[in-house]
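Undergrad: show me how the following folds:
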Amino acid sequence: MKLYGYTGKVLSIDLTHEKISTISLKEDTLRKFLGGKGLAIYLLLKYLPLKLDALDPDNVIVLSTGPLTGVLPFSNQLIVASKSPLTGSFAWSRSGGKFPQMIKRSGFDAILIKGRSETPVYLWIDDGEVEFRKAIHLWGKDTYSCSKKLLQETRKEAAISVIGPAGELLVRFASIKNDLYFTAGRGGIGAVYGAKKLKGVAIYGTKPIRVAYPERVKNTLIIKYYKFLTHRKDDIRKIGGLERVVDLNRIGATSVKNFQLTHHQGAEGLIRDLCKLSAFRKGCDECPVECFRFARVNGMEVKLHPEAVAMLGLNLELFQAEDLLKLLFLAEKYGVDAISAGNIIGWATEVYERGLLSREFTGELELRYGDCKVFYKLLNFLSERRGFGAVLAEGLVKAAKIVGKNSLKYAVHVGGLESSCIDPRGRAKYALGYAVTDVVYSCLDFHFKETPQEQCVVEAVIDEVNRLNISNSLVICPHLNVGASEVVEMLKYVTGWEDVAERDLTAIAERVETAVRMFNIREKLTSDQELLPPRWLEEAIPSGPSKGAKINLEDLQYCITHYYKLRGWDDRGVPLQETIEKLGLSEVYRQAW
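TA: Residues are numbered from 1 along each chain as shown. Now for the predicted structure:
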């Protein structure tokens, strides 16, 4: 049967044997999982061996597009997914640039990479033809210089995905840089690239993307949403921009000094100064909104991602814009997740100030909040696994266990992943979201709004997670916030699925959530790993707009149990057999185990 919006193929690449093959996707599979995050978790459950170390050669990386990729102006994004070397669970990140469209125009819906090369390599995929190229001369290069070199060695129109030195050295929260300006940062998938000796991927494609109703897509969808995006440009920019940091600070909900505080009077001045230094904007390919600001200082082009600004800025009490830009640039250059880096440096500084770390242990670095020079050195050491930096490169939980002395008490993480900037104390929706979903991977996408009084927190979280699972499986901008009826219209015009209905979207969202749960249970996630860190559970916010706010553990545990029940999982969070069968996951379940 002819597919529209999809190619029906996954490019499978075996680095060990330098072999390629094609995995065929049935329409039924695509209807069940859509693409993006849904397709990624399906492929991982099917092709990743059970309970494998994340840095093992047989770990799998998936780069997955959606049915609207390359068709609509808000859909040029992809999901990068793998088993996390940081948490041992399902890791995923969303990234923009040209790369998503080039995968589709090369004739594939996704790329699956496994194995390990004996020596460093990069992949050159030219209109679907794969070439394994030596990358010894690129090993050790930073993300910027490597990206530019790959464009010279392949073609200037190609899309590029690379790692920096941090990924090569297996820093457990290493990131991936796509097309110079876009990052897939969370969960340490850059270290999985590094473990495979994969420096990067260059891809270029010219194949057409077929849609079921070209005239409707062109004259209805593209015109409609281009006008919508242009008209709502300022509003959408605020949702995903630096303004969000100001909003969070004003209500006392962002991290300062490793979540010891949640508000700082210097925050608005910092954001104002960063906006003054903003030189240009850039967005996902063909999107008119251009969400992201970039500063250009002393030859550096620095992305001003709100979560990175919050965690390397407010969290470390760095309120001089030029100082913060140096750290942001260094993180991008070396290829480390700025969110995790800001979190773990904030933790190290607190435990140093509490006397749990000595200068001898830190390599004579005297850690103090607000000291940009020391933080710059530490980020360098971390990215290069030198001295005390090698301890931090293992990730927050492992670093705390190495340090000992009760330092784990001050580690703010969710299931081993360093928390981003939003503090959930006094915000039941966020507390539950952090505890039982993977919201920590994209916390700014989780819409921060009060729950209507007539709607319970659990139902609100389920509704929001379902919405995000659909947007991340279509791989459309999460800030667009389109309704179910609009998604149905898009799918009908692009794929030709005339029978698709809103109830199908709910089933897909639930299926994706339960499939992720199955993966994490398979990899030995336990319900006690879903407990939030002591700082959030045991301490009230001491000052600021949210003074006195705390999490009621009894209420949270009740909500977790109720969430499990509504999802069709048992009281330990394990999906029930009847739920697996109802969601059409029986075959996946058998393959996964």
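Undergrad: I'd say S175 and F182 touch.
TA: No. Proximity of S175 to F182 does not meet the contact threshold set by C-beta atoms under 8 Å, at 10.4 Å. (Glycine included, C-beta is placed from N, CA and C.)
Undergrad: could I get the full set of helices for the stretch 451-593 of the chain?
TA: 457-474, 484-495, 502-522, 534-538, 553-567, 577-582, 586-592 (DSSP state H, counting those that start in this stretch).
Undergrad: how about low-confidence regions in this structure?
TA: Scanning the chain for pLDDT under 70 picks out the ranges 1, 232, 236, 238-240, 440-455, 526-530, 593.
Undergrad: need phi/psi at the one residue sitting closest to the centre of it.
TA: Compute the mean C-alpha point of the chain, and by C-alpha atoms, centre = their mean the closest residue is S93, 2.7 Å away. Main-chain torsions, S93, degrees, to the nearest 10: phi -140, psi 150.
Undergrad: for H413, see how far away it is.
TA: 17 Å (C-beta to C-beta, to the nearest Å).
Undergrad: for the closest residue to the residue nearest to the centre of the chain other than its chain neighbours, give me its contacts.
TA: In space, and not counting its chain neighbours, S93 is closest to A184: 3.7 Å by C-beta to C-beta, 6 or more residues apart in numbering. By C-beta atoms under 8 Å, 6 or more residues apart in numbering, A184 lies in contact with 80, 93-95, 175-176, 178, 190.
Undergrad: which of those fall within strands?
TA: Among the contacts of A184, the ones falling in strands (DSSP state E) are 80, 93-95, 176, 178.
Undergrad: mind checking which of those are buried?
TA: Taking 16 or more other C-beta atoms under 10 Å as the criterion, what is buried in these is 80, 93-95, 176, 178.
Undergrad: which among these gets closest to R503?
TA: Nearest to R503 out of these is R94 (C-beta to C-beta; 25.7 Å).
Undergrad: now do the contacts for P85.
TA: Contacts for P85 (C-beta under 8 Å, 6+ apart) come out as 54-55, 170, 172, 188, 191-192, 195.
Undergrad: for the stretch 351-500 of the chain, which segments count as strands?
TA: Applying DSSP state E, counting those that start in this stretch to the stretch 351-500 of the chain gives strands spanning 413-414, 417-418.
Undergrad: same thing with the stretch 51-200 of the chain?
TA: Ranges of strands within the stretch 51-200 of the chain are 61-64, 78-83, 90-95, 110-114, 121-126, 129-134, 159-162, 176-178, 182-184, 198-204, based on DSSP E, counting those that start in this stretch.
Undergrad: still on that earlier bit, may I see the helices of the stretch 451-593 of the chain arranged in CSV, with mean neighbour count and distance to L417 as well?
TA: Shown next, in CSV, are the helices of the stretch 451-593 of the chain (neighbours: other C-beta atoms under 10 Å; distance: least, C-beta to C-beta, whole Å):
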stretch, mean neighbour count, distance to L417
helix 457-474, 22, 17
helix 484-495, 20, 29
helix 502-522, 21, 12
helix 534-538, 17, 14
helix 553-567, 16, 18
helix 577-582, 14, 26
helix 586-592, 14, 22
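Undergrad: tell me the buried residues in stretch 264-274?
TA: For stretch 264-274, by 16+ other C-beta under 10 Å, it's 264, 266-267, 270-271, 273-274.
Undergrad: repeat that for stretch 139-149.
TA: Buried residues in stretch 139-149, counted by 16+ other C-beta under 10 Å: 139, 141-144, 146-147, 149.
Undergrad: among those, which pair sits farthest apart?
TA: Spanning the widest gap among those are W139 and Y144, at 15.3 Å by C-beta to C-beta.
Undergrad: most remote residue from the protein's center?
TA: Most peripheral residue of the chain (C-alpha atoms, centre = their mean): E360, 35.2 Å.
Undergrad: would you check how far apart that one and E366 are?
TA: 12 Å.
Undergrad: which residues are common contacts for these two?
TA: Shared contacts of E360 and E366 (C-beta under 8 Å, 6+ apart): none.
Undergrad: nearest residue to G433 in space, please, no chain neighbours.
TA: Closest residue to G433 apart from its sequence neighbours, by C-beta to C-beta, 6+ apart: V439 at 4.1 Å.
Undergrad: on that earlier part again, of the ones in strands among the contacts of A184, just say which sits nearest to L356.
TA: Nearest member of the ones in strands among the contacts of A184 to L356, counting by C-beta to C-beta, is S93, at 31.8 Å.
Undergrad: would you confirm that that closest one contacts G188?
TA: No. With contacts counted by C-beta under 8 Å, S93 stays clear of G188, the gap being 9.9 Å.
Undergrad: contacting residues for the residue nearest to E394 when sequence neighbours are not counted?
TA: Leaving aside its chain neighbours, E394 sits nearest to R172 (5.8 Å; criterion: C-beta to C-beta, 6+ apart). Shown in contact with R172 (C-beta under 8 Å, 6+ apart): 85-86, 188, 191, 393-395, 398.
Undergrad: for R172, what are phi and psi?
TA: For R172, the backbone dihedrals (degrees, to the nearest 10) come out as phi -70, psi 0.
Undergrad: what residues are up against L151?
TA: Counting by C-beta under 8 Å, 6+ apart, L151 makes contact with 158, 160, 202.
Undergrad: I'd say the first one and V201 touch.
TA: No. Shown here, A158 and V201 do not form a contact pair, counting by C-beta under 8 Å, at 9.5 Å.
Undergrad: more neighbours: which of the two?
TA: V201 (27 against 21; other C-beta atoms under 10 Å).
Undergrad: the more buried one touches I163, doesn't it?
TA: No. Between V201 and I163 there is no contact under C-beta under 8 Å: 10.2 Å.
Undergrad: if we can go back for a sec, settle it for me: which of S175 and F182 has more neighbours?
TA: Using other C-beta under 10 Å, the more surrounded residue of S175 and F182 is S175, with 34 against 26.
Undergrad: ok, what's across the strand from L123?
TA: F132, V201 (DSSP bridges).
Undergrad: how many residues are close by it?
TA: L123 is flanked by 23 other residues according to other C-beta under 10 Å.
Undergrad: looking at the strands of the stretch 351-500 of the chain, which is nearest to S75?
TA: Among those, strand 417-418 comes nearest to S75, with 26.7 Å by C-beta to C-beta.
Undergrad: and that closest one, what does it pack against?
TA: helix 338-353 (3 or more C-beta pairs under 8 Å, 6 or more residues apart in numbering; DSSP states H and E).
Undergrad: show me what the helix it packs on is packed up against.
TA: In this structure, helix 338-353 makes packing contacts with helix 306-312, helix 321-334, helix 372-383, helix 388-392, helix 396-403, strand 417-418, judged by 3+ C-beta pairs under 8 Å, 6+ apart.
Undergrad: that older thread, can you say which of the contacts of P85 are buried?
TA: 54-55, 170, 172, 188, 191-192, 195.
Undergrad: gap between T22 and I111?
TA: Distance, T22 to I111, using C-beta to C-beta: 11 Å.
Undergrad: repeat for A212
TA: Per C-beta to C-beta, A212 is found 25 Å from I111.
Undergrad: ok, now N466?
TA: N466 is 27 Å from I111, where distance means C-beta to C-beta.
Undergrad: same check, this time on Y493
TA: Y493 is 26 Å from I111, where distance means C-beta to C-beta.
Undergrad: and G404, by the same measure?
TA: Using C-beta to C-beta, G404 is found at 42 Å from I111.
Undergrad: between the two, which is the more surrounded one?
TA: I111 (25 against 9).
Undergrad: the more buried one touches V10, doesn't it?
TA: Yes. Applying C-beta under 8 Å as the test, I111 and V10 come out as touching, 7.1 Å apart.
Undergrad: V351 is in contact with L357, correct?
TA: Yes. Judged on C-beta under 8 Å, L357 makes contact with V351 at a distance of 5.2 Å.
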